[in-house]
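>>> I would like to see how this sequence folds:
(one chain, ligands or ions: 1)
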Amino acid sequence: MEDEKKLAEFQTRLKNGESIEPKDWMPERYRKQLVRMISQHAHSEIVGMLPEGNWITRAPNLRRKMALLAKVQDEAGHGLYLYSAAETLGVDRESMINDLLSGKAKYSSIFNYPTLTWADIGVIGWLVDGAAIVNQTMLAKSSYGPYSRANLRICREENFHKKQGYEIVATLANGTDAQRKMIQESVNRWWWPSLMMFGPTDKDSPNSAELTKWKVKIHSNDDLRQRFVDLTVPQAKAVNITFPDPDLKFNEETGHWEFGEIDWNEFYRVIKGYGPMNRERMNARKKAHEDGRWVREAAEAYAKKKKVLHEN
Ligand code: BYC
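Modelled structure (predicted):
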């Protein structure tokens, strides 16, 4: 009876657009869904540093290197905001990281593709950060306070990331024949995986109904994917880039860009661990975790010593 009353109050709060804070009562399913989603989001930011980090030493000039270095550092910061947001739900960081390293927790499919050329750095900023902004602008309005505030900060930084990416794309698209070829080839590889970032279609998305009910998600996977396509096609046209989709066409009646069928077999293969770079990404994370062990141990020992000194 008590829980039913609390649940009704909780739903009224959501209906009124109130934000739910860590010490407020919440249904266990709400807490579990948030932990799953926020921790996966955090892992995505951290694993997402790897494809671009690969190009820091090979950036074509100092300005590009500084911007890329700052961007990759920002992703680490996003991971930290998000792990902190998840911790407010009673889960500790070590167990989240163990879930990532054991393969139990997912991270975004997009980071299981390789960065083969410098053009990929431009395309990641433009398409990958662009897709993330569309999704996270919605999540900045999600019902859980710490998650929505983390997304607000993240989006501000991602807007800058997108601009640095699009600037690289526009430079290469207006460059020599070889540069034009390189950027188009990169877009051809990243377009479909970028659309997959929004998750399965609405009819195949097991979590969407519950997340929408709890106002964690405000728009569906398909609606956000459509919004991304509508925003991005004109940006491609502005720099004479095409997308590898013969079915891409503007529908005058709906006002939307229609696009072809996504290869869902590829999507599920990648999220099950069999994408082109899954193994490399996990090995790199495991090595970084081991290499950083002494830092964590030293920090813990220092904190313990400080506590003892303080108590005496
Ligand atoms: N990749 O029921 P569904 C960034 C999983 S990084 C992998 O629709 P949901 C950046 C899904 O988890 C920012 N897995 O799930 C960093 C679920 O599996 P489980 C990335 C995916 O949660 C560095 C199952 O499929 N953004 O910006 O309703 C450099 C069924 O899906 C994917 C976020 O993480 C996928 N693409 O919706 C540059 C945003 N899609 O957990 C840039 C936060 C689905 O049941 N997350 N799955 O085993 C979300 O918005 C939502 O979780 C999703 C999926 C839209 C991804």
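
>>> report the separation between residue 162 and the ligand.
Noted for residue 162: a distance of 9 Å to the ligand, by C-beta to the nearest ligand atom, to the nearest Å. Every residue, glycine included, has its C-beta placed from N, CA and C.

>>> count of neighbours near the residue in the stretch 1-150 of the chain that the ligand sits nearest to?
Using C-beta to the nearest ligand atom, the closest approach of the stretch 1-150 of the chain to the ligand is made by residue 48 at 2.5 Å. Other residues lying near residue 48 total 24 when counted by other C-beta atoms under 10 Å.

>>> got phi/psi on residue 174?
Main-chain dihedrals, residue 174, degrees, to the nearest 10: phi -100, psi 10.

>>> gap between stretch 279-291 and the chain center?
Centre-to-centre, stretch 279-291 and its host chain are 19 Å apart (C-alpha atoms, centre = their mean, to the nearest Å).

>>> and the contacts of that stretch?
46, 47, 50, 97, 100, 101, 103, 111, 112, 273 (C-beta atoms under 8 Å, 6 or more residues apart in numbering).

>>> most neighbours, which of the residues you listed?
Busiest of these [other C-beta under 10 Å] is residue 111, holding 26 neighbours.

>>> verify the stated contact: residue 233 with residue 249.
No: judged on C-beta atoms under 8 Å, residue 233 makes no contact with residue 249 at a distance of 9.9 Å.

>>> the more surrounded of those two?
residue 233 (20 against 12).

>>> thinking again about what came up before, can you tell me which of the contacts of stretch 279-291 are in helices?
46, 47, 50, 97, 100, 101 (DSSP state H).

>>> any idea how far the first one is from residue 140?
The gap separating residue 46 from residue 140 is 20 Å, by C-beta to C-beta, to the nearest Å.

>>> please apply the same query to the third one.
Between residue 50 and residue 140 the computed distance is 25 Å (C-beta to C-beta).

>>> what about residue 245, neighbour count?
19.

>>> need phi/psi at it.
phi -140, psi 100.

>>> tell me who's in contact with it.
191, 192, 259, 260 are the contacts of residue 245 under C-beta under 8 Å, 6+ apart.

>>> what's the closest of those residues to residue 213?
Distances from residue 213 to those, taken as C-beta to C-beta, are shortest for residue 259 (28.4 Å).

>>> give me the packing partners of the lengthiest helix in the chain, helices and strands only.
Longest helix in the chain, counting residues (DSSP H): helix 145-173. Applying 3 or more C-beta pairs under 8 Å, 6 or more residues apart in numbering; DSSP states H and E, we find helix 145-173 packed against helix 28-47, helix 62-87, helix 119-123, helix 129-139, helix 177-196.

>>> what mean pLDDT does it have?
Helix 145-173 shows a mean pLDDT of 97.

>>> and it with helix 62-87, angle?
Per axes from the mean of the first three to the mean of the last three C-alpha atoms, to 10 degrees, the angle that helix 145-173 makes with helix 62-87 is 160 degrees.

>>> how far is helix 145-173 from where the chain is centred?
On C-alpha atoms, centre = their mean, the centre of helix 145-173 falls 11 Å from the chain's centre.

>>> give me the distance between the host helix or strand of residue 302 and the centre of its chain.
Residue 302 belongs to helix 293-311 when assigned by DSSP states H and E. Distance, stretch centre to chain centre, for helix 293-311: 33 Å (C-alpha atoms, centre = their mean).

>>> how about stretch 173-182?
Here stretch 173-182 shows a centroid-to-chain-centroid distance of 29 Å under the convention C-alpha atoms, centre = their mean.

>>> the ligand contacts on the stretch 151-300 of the chain?
Residues of the stretch 151-300 of the chain found near the ligand (C-beta under 6 Å from any ligand atom) are 196, 197, 198, 199, 200, 205, 206, 207, 208, 211, 221, 271.
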